[in-house]
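Participant: Here is a sequence together with a model predicted from it:
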Amino acid sequence: DSGVTQTPKHLITATGQRVTLRCSPRSGDLSVYWYQQSLDQGLQFLIHYYNGEERAKGNILERFSAQQFPDLHSELNLSSLELGDSALYFCASSDSQQADQPYEQYFGPGTRLTVT
Amino acid sequence: AQSVTQLDSQVPVFEEAPVELRCNYSSSVSVYLFWYVQYPNQGLQLLLKYLSGSTLVKGINGFEAEFNKSQTSFHLRKPSVHISDTAEYFCAAVMDSNYQLIWGAGTKLIIKP
């Protein structure tokens, strides 16, 4: 158990809809990362938040957005969903203030999104 | 652009045989390297990491990796694999001051009985 929790575990929705995925980082971790993993594109970095602020963006579509709240949990919002958005969405957290483990990321179990 | 290359998308190997999964990164002044493992239907977990010091790094489950600066490589090895090692293995690196992980495409390790 990494200490990172994600809800829901599974989500089935229709094209055109909007969903919100939730992530709670490990206690004390300030950084949250979102990833998308699909069969055809592999593991893709989406976005990184550190202590409430956006730090880096990867291959994140304009239809997707994220935020990190004062209690450090994060939400990934996916809108106008398309069939191709079906994937596993992972959240990871890290405590970049730890001198001996500056970059290790701890992954949650993922949310499996199916768009029909 | 900085990149991490995993040369093999799949590596089939017989049980109890040795295995090497290859990883190369684009050249950088400083680099921090990681191997993650993803077992079927699970999230990723850290296998081992190189931050500094000894170039031979030992990780969990009997895996080790060697940092080779001249060849810009960080290959993962295990002397004898088990069926439970069936998983996808990802190499990742941090190569700039943004401290962002750059991921390889992953290598599926397939253990043949």
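Facilitator: Right, received. Where do you want to start? Here the structure is a predicted model, which means the values were calculated and not measured.

Participant: where does stretch A:25-40 sit relative to the chain's centre, distance-wise?
Facilitator: Relative to the chain's own centre, stretch A:25-40 is displaced by 5 Å; criterion: Cα atoms, centre = their mean, to the nearest Å.

Participant: Check which residues of it are buried.
Facilitator: By neighbour count on 16 or more other Cβ atoms under 10 Å in any protein chain shown, the buried set for stretch A:25-40 is A:P25, A:R26, A:D29, A:L30, A:S31, A:V32, A:Y33, A:W34, A:Y35, A:Q36, A:Q37. For the C-beta atoms, the positions are set from N, CA and C on the backbone; glycine is no exception.

Participant: tell me, which of these make contact with chain B?
Facilitator: Among the buried residues of stretch A:25-40, the residues lying close to chain B (Cβ under 8 Å from any Cβ of the partner chain) are A:Y33.

Participant: from the buried residues of stretch A:25-40, which is closest to B:L101?
Facilitator: Nearest to B:L101 among those, counting by Cβ to Cβ, is A:Y33 at 8.0 Å.

Participant: number of nearby residues for the residue in chain A that chain B sits nearest to?
Facilitator: Residue nearest to chain B within chain A (Cβ to the nearest Cβ): A:F107, separated by 3.9 Å. The tally of other residues near A:F107 (other Cβ atoms under 10 Å in any protein chain shown) stands at 21.

Participant: ok, now which ones touch it?
Facilitator: Going by Cβ atoms under 8 Å, 6 or more residues apart in numbering or on different chains, A:F107 touches A:S2, A:V4, A:F90, A:C91, A:A92, B:Y36, B:G43, B:L44, B:Q45.

Participant: Which of those ranks first by neighbour count?
Facilitator: Neighbour counts for the contacts of A:F107, by other Cβ under 10 Å, peak at A:C91, which reaches 30 neighbours.

Participant: Ramachandran coordinates for B:G53?
Facilitator: Backbone torsions for B:G53, taken as degrees, to the nearest 10, come to phi 90, psi -140.

Participant: A:N51: neighbour count?
Facilitator: With other Cβ under 10 Å as criterion, A:N51 counts 14.

Participant: what residues are up against it?
Facilitator: A:L30, A:S31, A:Q68, A:L72.

Participant: Could you do A:L76 as well?
Facilitator: For A:L76, the contacting residues are A:T20, A:L21, A:C23, A:W34, A:L46, A:I47, A:F64, A:S65, A:A66, A:Y89, A:C91, by Cβ under 8 Å, 6+ apart.

Participant: could you redo the last one with a cut-off of 10 Å?
Facilitator: A:6, A:19-23, A:32, A:34-36, A:46-47, A:60, A:64-67, A:89, A:91, A:111, A:113 (Cβ atoms under 10 Å, 6 or more residues apart in numbering or on different chains).

Participant: in the helix or strand containing it, what counts as buried?
Facilitator: Taking DSSP states H and E as the definition, one finds A:L76 inside strand A:74-78. For strand A:74-78, burial by neighbour count (16+ other Cβ under 10 Å) applies to A:S74, A:E75, A:L76, A:L78.

Participant: right, and the helix or strand after it?
Facilitator: The element immediately downstream of strand A:74-78 (helix or strand, assigned by DSSP H and E) is strand A:87-94.

Participant: from the chain's centre, how far out does the helix or strand just after that following strand sit?
Facilitator: Counting by DSSP H and E, the next helix or strand C-terminal to strand A:87-94 is strand A:106-107. How far strand A:106-107 lies from its chain's middle: 11 Å, per Cα atoms, centre = their mean.
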